[in-house]
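[1] Make a model of this:
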Amino acid sequence: IFSWDFSDGNGSIERSPSYSFKNPGIYTISLVATDDNGCRSDTSRTSITVHETPKALFASNDLTFCQRRDTIRLDNVSENFVSSLWYLSDSLINENDNNLRWVPTQPGALQVSLIAINEFSCRDTFFEIIEVLESPKADLNISDTAGCQPFNFNFSDQSDGATGRLWSLSGNTFSDPTEDFTLTESGQYELLLIAMNSNECPNDTLSQSITVYPRAISDFRVERSDTCGIPANVQFINLSRDASDYNWNFSNGQMSSAFEPNTIFSSPGSFSIQLISNNQFGCTDTASYEINIYPQPQANFELSSKEVCEGQAISLRNNSQNANDYNWLINQSEISFTDSLIVDEAGIYEITLLASYDGACIDTFTFSELLNVYRSPDALFDYQADLDEYLLGDVSFFNRSENASNYLWDFGDGNTSILENPQHVYDANGPFTACLTAILTHEEGYECIDVSCDEILIEPINTFYVPNSMSPDRSFGEDLVRVFKPVGIG
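    Numbering: from 1, shown residues only. Coordinates of the predicted model:
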């Protein structure tokens, strides 16, 4: 049997006990052993010294912190210690510093432990659980930050730890960029991104500067001394703004870098003039202008005759040059015709030709002599056959013509007459086509004619003739006596 006395009022009957003293001091430990017969041994005594245990403790400014934002402040307020060890989770992070300061970079729950050690190597441990909240980190991706007006760009959110976002551009706010943006005015702009988190950690703001350079503005006008005519010398007046360099293309094989150039066009047509203006920022602008170069038309024509009769065709030969459209005037009234001109009324006429090119350039030519159109007669007649009952084939013609001074009849059987109202005897059965030509001779000696024709129907002519002589052979005499052959009419 064993009897232990730890001199603090506590003991033990175990053979080899373990005991913790609660208070520091010097203790006399005694042991009395007794055998099975009740015989007791001597008392064995020893002294031990129990040193005071250090008191580990630290003070924290808070137990909840924001990632990358807050500073963790830990102050060692332990008692009865000479050294200390700081642990973050299971990792030793510091020795013997009484004040720890750091900004957490990763979110999550952290166990911070402090071990206090005294001169007797006695230790005490104190720990706290610290929570690090995720802080928003604003970040963005932008297609470009500088360019010429109008400046087109797009951007997207690349933020971390954010549950909400707010954008601002040129004073306009929006929650999420969904399309491309265009800045039409030159200048400096600020794009702001505010990243937020619902855990109440501070917002993070990112500012991105955007530069929009002014664009050169191309503009010009055209000055020409004459609208019509080739070669054409054209002057260009430069009206561009915010530009320092110029490139001209005249579409005639010529180019220029002068401020206000001129060029010569040697052929007609439509030409596209292009001016590209540039400035020190490399911001170009293009202006285009279509100009038409017209030749100077030269109107001219010839008449086939300067004297004609009413209704008679006149050939006009157009000798104009550098023209593609023509207008004809007779006594200042516009007329139209194809190959030849016919004037139906007698008189004195002035003929004028207007020759133009694309309706822009016009030249006028008036024939130097007047066209004299003489009155024409009107030929007309009727007839009556068999007025004389004793005469076969007789026809009487009755002239109904007007404005005629002379007449010429063609009876259609090879016979003619110049009488006004002739009578003619046909010696053969018809029908025959008789024509009357009415002639009007003017004082100037110019003659105008008109012709009228009609089919002539006459009474039947019946005759019979038997020759009273014949030739002994067929080689002598007239046709009627070479062969004995009666002939007749009707």
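[2] ok, the residue lying closest to residue 417 once chain neighbours are set aside - how many residues close by?
    Spatial nearest neighbour of residue 417, excluding adjacent residues (C-beta to C-beta, 6 or more residues apart in numbering): residue 409 at 4.3 Å. C-beta coordinates here come from the backbone N, C-alpha and C atoms, glycine included. Around residue 409 there are 21 other residues, counting by other C-beta atoms under 10 Å.
[3] tell me the SS of residue 409?
    Secondary structure, DSSP: H, G, I helix; E, B strand; the rest coil: residue 409 is strand.
[4] right, and residue 140 touches residue 159 too?
    Yes. Because the distance of 7.5 Å satisfies C-beta atoms under 8 Å, residue 140 is recorded as touching residue 159.
[5] shared neighbours of the two, anything?
    Here residue 140 and residue 159 have residue 193 as joint contacts, going by C-beta atoms under 8 Å, 6 or more residues apart in numbering.
[6] what about residue 406, distance to residue 414?
    21 Å (C-beta to C-beta, to the nearest Å).
[7] wait, residue 295
    Noted for residue 295: a distance of 61 Å to residue 414, by C-beta to C-beta.
[8] same deal with residue 248?
    For residue 248, the distance to residue 414 - C-beta to C-beta - is 84 Å.
[9] shaky segments in this protein?
    By pLDDT under 70, the weakly predicted segments of the chain are 178-179, 462-466, 470, 472-481, 484-490.
[10] Sketch out the helices for it, chain order is fine.
    Counting by DSSP state H, residue ranges of the helices within the chain are 479-482.
[11] Excluding chain neighbours, what is closest to residue 44?
    Nearest to residue 44 is residue 31, by C-beta to C-beta, 6+ apart, at 4.7 Å.
[12] cool, and residue 248?
    Closest residue to residue 248 apart from its sequence neighbours, by C-beta to C-beta, 6+ apart: residue 256 at 4.4 Å.
[13] got a list of what the one you found touches?
    247-248, 250, 263.
[14] Please apply the same query to residue 221.
    With C-beta under 8 Å, 6+ apart, residue 221 has these contacts: 236-237, 239.
[15] partner residues bridging it?
    When bridges are taken as DSSP bridges, the partners of residue 221 come out as residue 237.
[16] That one and residue 278, how far apart?
    Counting by C-beta to C-beta, the gap from residue 221 to residue 278 is 20 Å.
[17] give me the number of residues near residue 313?
    Neighbourhood size, residue 313 [other C-beta under 10 Å]: 13.
[18] so what's the residue nearest to residue 44 up against?
    2-5, 43-45.
[19] Filter these down to the buried ones and express that as a PyMOL selection.
    Selection of buried members from the contacts of residue 31 for PyMOL, criterion 16 or more other C-beta atoms under 10 Å:
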select buried, resi 4+5
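[20] Adding distance to residue 379 as columns, could you present the contacts of residue 31 in TSV?
    Converted to TSV, the contacts of residue 31 look like this (distance: C-beta to C-beta, whole Å):
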residue	distance to residue 379
2	178
3	181
4	176
5	179
43	186
44	183
45	182
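[21] Among the contacts of residue 256, which are located in strands?
    With strands taken from DSSP state E, the overlap with these comprises 247-248, 263.
[22] Looking at residue 248 and residue 414, which has the bigger crowd around it?
    Ranked by neighbour count (other C-beta under 10 Å), residue 248 and residue 414 place residue 248 first, with 20 against 7.
[23] Quick check, the more buried one in contact with residue 274.
    Yes. The pair residue 248 and residue 274 passes the contact test of C-beta under 8 Å, sitting 7.2 Å apart.
[24] give me the beta-bridge partners of the residue nearest to residue 44?
    Assigned bridge partners for residue 31, using DSSP bridges, are residue 4, residue 44.
[25] Residue 130 too?
    In beta-bridge terms (that is, DSSP bridges), residue 130 pairs with residue 110.
[26] quick one: residue 4 and residue 12, what's the gap?
    From residue 4 to residue 12 the distance is 4 Å (C-beta to C-beta).
[27] Then residue 175?
    Distance from residue 175 to residue 12, by C-beta to C-beta: 74 Å.
[28] And for residue 414?
    Residue 414 is 183 Å from residue 12, by C-beta to C-beta.
[29] List just the nearest of the contacts of residue 31 to residue 282.
    When these are compared for distance to residue 282 (C-beta to C-beta), residue 4 wins out at 98.0 Å.
[30] Contact partners for the closest one?
    11-14, 17, 29-31.
[31] Report the contact partners of residue 37.
    Per C-beta under 8 Å, 6+ apart, neighbours of residue 37: none.
[32] Ok, residue 307 next?
    With contacts defined as C-beta under 8 Å, 6+ apart, the neighbours of residue 307 are 371-372, 374, 444, 446.
[33] could you redo the last one with a cut-off of 6 Å?
    Residue 307 is in contact with 372, 446, counting by C-beta atoms under 6 Å, 6 or more residues apart in numbering.
[34] Could you do residue 177 as well?
    Per C-beta under 6 Å, 6+ apart, neighbours of residue 177: residue 155.
[35] ok, so what distance separates the residue nearest to residue 44 from residue 49?
    18 Å.
[36] is it true that residue 420 touches residue 398?
    No. Using C-beta atoms under 6 Å, residue 420 is not in contact with residue 398; the gap is 9.5 Å.
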